[in-house]
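J.: coords please:
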Amino acid sequence: MSQLSTLGLTDADLTPRLKFVNILPTVVFLMVIGALWLSGAPAYPPTLTVLIENARRASWPAALGLTSAALVTGLLLQPLELASIRFLEGYWSTTGPLRGLGKRGRWIQQRRKDRLVWLNERLGDSAHKELVEHVPRELAVFPVKQPVLPTALGNRLRAAEEKAGAVYSLDATLTWPRLYFVLPQDVLRFVSQSRNELDTAVRLCLSFALTSVASAALLLRHPVWLALPAAFALLSALAYRTALHAAQAYGVTFTSVIDVYRLRLLKEMSVRMPADSDEEREINDNLRLLWNREGLLEDPVRYDDPSPPVGPAA
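T.: Purely as a prediction, here's the structure:
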């Protein structure tokens, strides 16, 4: 970006995550809305001639302003990455304007889950091999112990959080922030790449949806041009589908990392290594109580001796 030096920045100052998760969706929105405005909307139907003439007149100050706006907006949106994911997951207020939509979404998702449960119970030794394989796979994207969320994305991520580490009596939402600190760098890069794919798809979904709404407002007086907002609505739907696949892949990565590195966390915490899986579950039950700040334990967590004995070997 040639405008970065004007702003006192270099390309190295912008991490790949900031570029793709925050700046790219912002640039898409600003460029489309800016192009429509420069081409004559909303007063007149957009034309390429007017766009080129106005762009030539605006010249580099407009490019600098667009770059600055994209950077500032991207930086401001960075702390809201989790909030954007939560929004598409369906964590909406039960008293706000989305209350009705959330209630309807949960009803739809619960109906889908109930239908899959009903089919799964009646398949048995069905001759339809494809159906026998498809139904359990579809059912696996729904949480078992927790209630369903109003969106498919939310249920996929909730199901992954619920099942990852469950066989070890680990609460994934409590374990993951602690496990993250002891992972090797190559594993962290792989996890970050998987998470970036999910976050980028989510941000593009929201960006395309906002672009569709804003462009529709600019082009409302010109019905022929309403195909443009419709195209961005379609892109938003495609980005959401991409987010679903990315969530599935992230869930597999998330679960696999817990499977492989969970004992490394115990070692780093100087917790005495379990002799078998039953003992490991007992330790994890105690750690879950500690991490959740649920008070004193009936059975203490035992630690390895931090100072090995000094002296000649026996």
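J.: contacts, neighbours, all on C-alpha from now
T.: Fine.
J.: What average pLDDT does the strand or helix carrying L153 get?
T.: Here L153 sits within helix 152-163, counting by DSSP states H and E. Averaged over helix 152-163, pLDDT sits at 94.
J.: The residue lying closest to S93 once chain neighbours are set aside: how many residues sit nearby?
T.: With sequence-adjacent residues excluded and distances taken as Cα to Cα, 6 or more residues apart in numbering, S93 is closest to R99, at 6.4 Å. Using other Cα atoms under 10 Å, R99 is surrounded by 13 other residues.
J.: Could you do R158 as well?
T.: R158 is flanked by 22 other residues according to other Cα under 10 Å.
J.: so how far is K103 from it?
T.: Distance, R158 to K103, using Cα to Cα, to the nearest Å: 18 Å.
J.: Please apply the same query to A239.
T.: Using Cα to Cα, A239 is found at 24 Å from K103.
J.: same question, R111
T.: From R111 to K103 the distance is 12 Å (Cα to Cα).
J.: repeat for T151
T.: For T151, the distance to K103 - Cα to Cα - is 11 Å.
J.: more neighbours, the two?
T.: Using other Cα under 10 Å, the more surrounded residue of T151 and K103 is T151, with 18 against 14.
J.: Wait, the more buried one touches R104, no?
T.: No - contact criterion Cα atoms under 8 Å: T151 and R104 do not qualify, at 10.1 Å.
J.: tell me the angle the next helix or strand after the helix holding L153 makes with helix 152-163.
T.: Using DSSP H and E, the next helix or strand after helix 152-163 towards the C-terminus is helix 172-179. Helix 172-179 runs at 70 degrees relative to helix 152-163, counting by axes from the mean of the first three to the mean of the last three Cα atoms, to 10 degrees.
J.: what's the average pLDDT for helix 172-179?
T.: What helix 172-179 shows for mean pLDDT is 92.
J.: Numbering from 22 from now on, please.
T.: Renumbered: residue one is now 22, and that last one reads helix 193-200.
J.: what helices or strands is that helix leaning on?
T.: helix 173-184, helix 248-289 (3 or more Cα pairs under 8 Å, 6 or more residues apart in numbering; DSSP states H and E).
J.: Name the residues of the following helix or strand past it that come out as buried.
T.: Moving toward the C-terminus from helix 193-200, the next helix or strand (DSSP H and E) is helix 206-239. Going by neighbour count (16 or more other Cα atoms under 10 Å), the buried part of helix 206-239 is 212, 215-237, 239.
J.: roughly how far out does helix 206-239 sit from the chain middle?
T.: 8 Å (Cα atoms, centre = their mean, to the nearest Å).
J.: Report the separation between K124 and A104.
T.: 20 Å.
J.: Which SSE is immediately downstream of whichever strand or helix holds L85?
T.: Here L85 sits within helix 69-98, counting by DSSP H and E. As assigned by DSSP H and E, the chain's next helix or strand after helix 69-98 is helix 102-110.
J.: gap between that next one and the chain center?
T.: Using Cα atoms, centre = their mean, the offset of helix 102-110 from its chain centre is 7 Å.
J.: And stretch 273-282, by the same measure?
T.: For stretch 273-282, the distance to the chain centre is 17 Å (Cα atoms, centre = their mean).
J.: list the buried ones in that stretch?
T.: Buried residues in stretch 273-282, defined by neighbour count with 16+ other Cα under 10 Å: 274-276, 278-279.
J.: residues in contact with N176?
T.: Applying Cα atoms under 8 Å, 6 or more residues apart in numbering to N176 gives the contacts 110, 162-164, 169-170.
J.: do you know how far it is from S233?
T.: 26 Å.
J.: For stretch 283-301, give me every contacting residue.
T.: Under Cα under 8 Å, 6+ apart, the answer for stretch 283-301 is 189, 199-200, 203, 304, 322-327.
J.: Endpoints of that stretch, how far apart?
T.: OK, stretch 283-301 end separation, Cα to Cα: 10 Å.
J.: Show me the domain layout of this structure.
T.: According to automatic domain parsing, the chain comprises the domains 24-103, 115-170.
J.: Can you give me the end-to-end span of the shortest one?
T.: Think domain 115-170. With Cα to Cα as the measure, what separates the two termini of domain 115-170 is 12 Å.
J.: Now do that domain: distance to the chain's middle.
T.: 21 Å.
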